[in-house]
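Asker: one predicted model, sequence on top.
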Amino acid sequence: MTREVWPGKPYPRGATFDGTGVNFAVFSQVATRVEVCLFDPQNPSKEVERFDLQAMTDDVWHGYVPGLEPGTLYGLRVHGPYEPQKGHRCNPYKLLVDPYAKALHGEVDWSQPVFGYTLGNEKQDLMRDERDSAAGVPKGVVVGDYFDWGNDRRPDVPWRKTVIYEAHVKGLTMRHPKVPEHQRGTYAALGHPAVIEHLLKLGVTSVELLPVHAFADDSFLGEKGLSNFWGYNTLCYFAPEASYASRRTPGGAVNEFKGMVKALHAAGIEVILDVVYNHSCEGNHLGPTLSLKGVDNSSYYWLMPEARYYLDFTGCGNSINASNPQATRLIVDSLRYWVEEMHVDGFRFDLATVLGRVGKGEFSPSAPIFQILNQDPVLSRVKLIAEPWDVGLGGYQVGGFQAPWREWNGKYRDALRRYWKGDENLAGEVGHRLTGSSDLYQGARRRPQANINFVTAHDGFTLHDLVTYGHKHNEANGEHNRDGADDNQAWNCGVEGETDDPGVVSLRERQKRNLLASLFLSQGVPMLVAGDEMGRTQHGNNNAYCQDNELSWVDWNLDDRRLALLEFTSRLIQFRHRQPVLQRRRFFQGKHIWDSEYKDLAWFRPDGTEMGQEDWNKPFTRSLAFLLGGDAIPSPDERGQRIIGDALLVLLNAHHEPVRFTVPPPAQGCRWVIEFYTADDSRGPEEPVPAGPFELAGRSLAAFREVPAT
């Protein structure tokens, strides 16, 4: 069959259905010829047609095919130089995934010749392999853009009210008993009423999903019977991961993802995506040729001066060169697509420091892509969160990004973990972290909400394991326990692993409550990892990226202890929502504001005396208290009116022995009541606390609220 191909247009890139046909547009400044291959939907490995994109405008190859419809499977073949020494790896024998494909069908088959070079040859990647890889490469799917969004509206949750819930689509839903079995582990499951009910009862406002961009499993994991569960191995930045769709029809994941977003929005919950624009699944010079590497390797990747090799700021073999205009355009086009077409509310950028590398690879907070995002009328209005580090030189950039970025605060995580396990010399550090990390952000005129505070994340121990294991137990990963972080700042409370010892169990539950209470009583934006509210365990595995099984899936079968932790966490979050003093938009001054009864922030020693500089410098200071003035909030509400909330008093004791605190007198006509006491959850809320002595148990936290006396 000879299909009619018109010149078409160089925009938009990708395969775009306009109602009567499909326009194809592919950028490559090194290509000498670009072919589009069509495949049989009933037998995706069977190529049924091939045609050239004969028109080329500004290095974009394009053509329009009338009569072509959604559901069409396609791939690309790019002719051009195969000169690895010069950074070029075009190989028309290797079918390529369109970088702008809106959906993919199929998976990478590592038994097929998906490598661009001849394996086993002594010159390795310098010799082009001429075997056809089509049978082993996922196919792009032409999709239509119709979806009934109805009256969908973005929740648009202000940063000061945001509570993030980091979750994995499959991990959160795979074992949920109220989700129909055929939907578990899918986008449909995440949008199921039973899952949404849990999120609402918990009080989270924003779900941050581990990668949902189409990704490839690693060949070495498949050889061990494992898989890349987390998905930090992106193959296509526009296509939703098809394995998370309950129906595996070509392109079906697109509408199912949209349905999930629509359901979450209807409940007032935002959807934030964890995105991996720092590297791709194609690895280093010995990796496969699946997409960008074969389309235009030197435009999309950071290359060494000896261009055969890749600069690797990620530890994954390659790094996307966001300082190149075409790589930047790919990233920005992808982000806009997910906002405008898929209605997502924000992004958490994995290893975001990579995106800010310019010149010879140094980091710049004013890198081109950051400037574009700051100016873009669409993207500047969504939530942008940086993981502010990578593995390159100068890669740790906590506090180094500029507005409107927010950052995962790794210093917060480390300080709170160390404090509650009893380390010394931490008073000043903990003081900064609990009150918004002004030492990191105030000098740059940023706000407390620049912080994303967390004590656990997907990468590392769960909250339960953090207090149950002193060191990692990653044997199931098949790497002889060499993978994963060795420095976890964890403490097992005296026994490694699970135990029936009631004293150890009680201490561990208290430590969980200490960490959770600290998190939700801190200034900044709190992030909770899915399952931590229910005591989820990975049995000491702190790098479960390859465990697509019950080790990683949230267990919804809760005993009394786990139910109690869930109830405690929900109370904490709901309390935070009610307290404007925990949602401050400006840093504390340590002064009276307006005509306030209290200073906005005051720190106390256990004896009730305000702390002086010498107290912060004492290495053994593990017991301290702070008071937040609810009538000393400088920022007005949405109508410009003064905000007045409750005064809060928080006592912290990381010492193993009880410490007697002196509770200061409340304002005239008021009294203190207990809201949370981690050593005895049966006390509070609303239990009165008189001014004067209060014995705080070892390794515990108490939070009091000021209320009218009558």
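Answerer: Received, thanks.
Asker: need the contact list for Thr468.
Answerer: Asn492, Cys493, Gly497, Glu498, Arg508, Thr537, Gly540 (C-beta atoms under 8 Å, 6 or more residues apart in numbering). C-beta: built from backbone N, CA, C; applies to glycine.
Asker: give the bridge partners for His88, please.
Answerer: Beta-bridge pairing for His88 (DSSP bridges): Glu83.
Asker: run a quick neighbour tally on it.
Answerer: 19 (other C-beta atoms under 10 Å).
Asker: touching, it and Ala31? I think so.
Answerer: No. If you go by C-beta atoms under 8 Å, His88 and Ala31 don't touch, sitting 10.0 Å apart.
Asker: now do the helices in the stretch 151-300 of the chain.
Answerer: Per DSSP state H, counting those that start in this stretch, the stretch 151-300 of the chain carries helices over the ranges 169-173, 187-190, 193-202, 219-223, 252-266, 292-300.
Asker: mind checking the pLDDT average for stretch 500-512?
Answerer: Mean pLDDT, stretch 500-512: 98.
Asker: list the buried residues for it?
Answerer: Applying a neighbour-count criterion of 16 or more other C-beta atoms under 10 Å, one finds Val504, Val505, Leu507, Arg508, Glu509, Arg510, Gln511, Lys512 buried in stretch 500-512.
Asker: any chance of CSV for the residues you listed, columns distance to Asn409 and secondary structure?
Answerer: Supplementary listing: the buried residues of stretch 500-512 in CSV, determined by distance: C-beta to C-beta, whole Å; DSSP: H, G, I helix; E, B strand; the rest coil:
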residue, distance to Asn409, secondary structure
Val504, 30, helix
Val505, 30, helix
Leu507, 27, helix
Arg508, 25, helix
Glu509, 26, helix
Arg510, 24, helix
Gln511, 21, helix
Lys512, 20, helix
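Asker: how close does the nearest residue to Leu652 once chain neighbours are set aside get to Tyr117?
Answerer: Spatially, and ignoring its direct neighbours in sequence, Leu652 is nearest to Leu701 (5.3 Å; C-beta to C-beta, 6 or more residues apart in numbering). According to C-beta to C-beta, to the nearest Å, Leu701 and Tyr117 sit 58 Å apart.
Asker: His480 too?
Answerer: Remark: distance between His480 and Tyr117 (C-beta to C-beta) = 30 Å.
Asker: higher neighbour count, the two?
Answerer: Between His480 and Tyr117, counted using other C-beta under 10 Å, Tyr117 has the larger neighbour count: 22 against 8.
Asker: pLDDT wise, what is the more buried one at?
Answerer: pLDDT, Tyr117: 96.
Asker: identify the residues contacting it.
Answerer: For Tyr117, the contact set (C-beta under 8 Å, 6+ apart) comprises Pro84, Gln124, Asp125, Leu126, Met127, Arg128, Asp129, Leu286.
Asker: go again with 7 Å.
Answerer: Tyr117 is in contact with Gln124, Asp125, Met127, Arg128, Asp129, counting by C-beta atoms under 7 Å, 6 or more residues apart in numbering.
Asker: try Arg184
Answerer: Each residue near Arg184 by C-beta under 7 Å, 6+ apart is listed here: Thr173, Met174, His176.
Asker: what about the second one, how many residues close to it?
Answerer: Counted with other C-beta under 10 Å, residues neighbouring Met174 total 21.
Asker: isn't it right next to Glu181, touching?
Answerer: No. Contact between Met174 and Glu181 fails when scored by C-beta atoms under 7 Å: they sit 10.1 Å apart.
Asker: got the buried residues of stretch 500-512 as TSV, with distance to Val581 columns?
Answerer: As requested, the buried residues of stretch 500-512 are exported to TSV (distance: C-beta to C-beta, whole Å):
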residue	distance to Val581
Val504	35
Val505	34
Leu507	30
Arg508	30
Glu509	27
Arg510	25
Gln511	26
Lys512	24
